[in-house]
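*Asks:* pasting the structure only:
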């Protein structure tokens, strides 16, 4: 072998690969936490999730829910 990898044995290579796999996995995990995927669920599911997260108060939830129910009853459905 040449001077570049003559000092590192098999266990060194395995350790280096494992180290970089952990680093890449942590970066992917961190990015996925910073930019969560928005599901293409229904408007009602999105409204329920916003209430659960505390983005809206229960009164606003009821107002929007009633509006969505009115749109569904009229046959226009939420977009």
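*Replies:* Everything's here; your move. From a predicted model like this one, the values you see are computed outputs, not experimental measurements.
*Asks:* So which residues of the protein form helices?
*Replies:* Along the chain, counting by DSSP state H, helices occupy 10-34, 43-53, 58-73.
*Asks:* could I get those as JSON lines with mean neighbour count and mean pLDDT?
*Replies:* In this view, the C-beta of every residue, glycine as well, is placed from N, C-alpha and C. As requested, the helices of the chain are exported to JSON lines (neighbours: other C-beta atoms under 10 Å; pLDDT from 0 to 100):
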{"stretch": "helix 10-34", "mean neighbour count": "10", "mean pLDDT": "94"}
{"stretch": "helix 43-53", "mean neighbour count": "14", "mean pLDDT": "90"}
{"stretch": "helix 58-73", "mean neighbour count": "13", "mean pLDDT": "90"}
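*Asks:* what does the domain assignment say about the chain?
*Replies:* Domains of the chain are assigned by automatic domain parsing as 1-37, 43-73.
*Asks:* Would you check how far apart residue 44 and residue 71 are?
*Replies:* Counting by C-beta to C-beta, to the nearest Å, the gap from residue 44 to residue 71 is 11 Å.
*Asks:* same check, this time on residue 64
*Replies:* Going from residue 64 to residue 71 by C-beta to C-beta gives 11 Å.
*Asks:* check contacts around residue 56.
*Replies:* Residue 56 sits next to 47, 50, 64 when contact means C-beta atoms under 8 Å, 6 or more residues apart in numbering.
*Asks:* Do you know the pLDDT at it?
*Replies:* Note on residue 56: pLDDT of 93.
*Asks:* same question, residue 4
*Replies:* 63.
*Asks:* How about residue 39?
*Replies:* Note on residue 39: pLDDT of 64.
*Asks:* mind pulling up the phi and psi values for the residue nearest the centre of the chain?
*Replies:* Central residue of the chain (C-alpha atoms, centre = their mean): residue 36, 2.7 Å from the mean position. Phi and psi for residue 36, reported as degrees, to the nearest 10, are phi -70, psi 150.
*Asks:* What's the separation between it and residue 53?
*Replies:* 11 Å.
*Asks:* One more: residue 60?
*Replies:* In terms of C-beta to C-beta, residue 60 sits 13 Å off from residue 53.
*Asks:* How about residue 44?
*Replies:* From residue 44 to residue 53 the distance is 15 Å (C-beta to C-beta).
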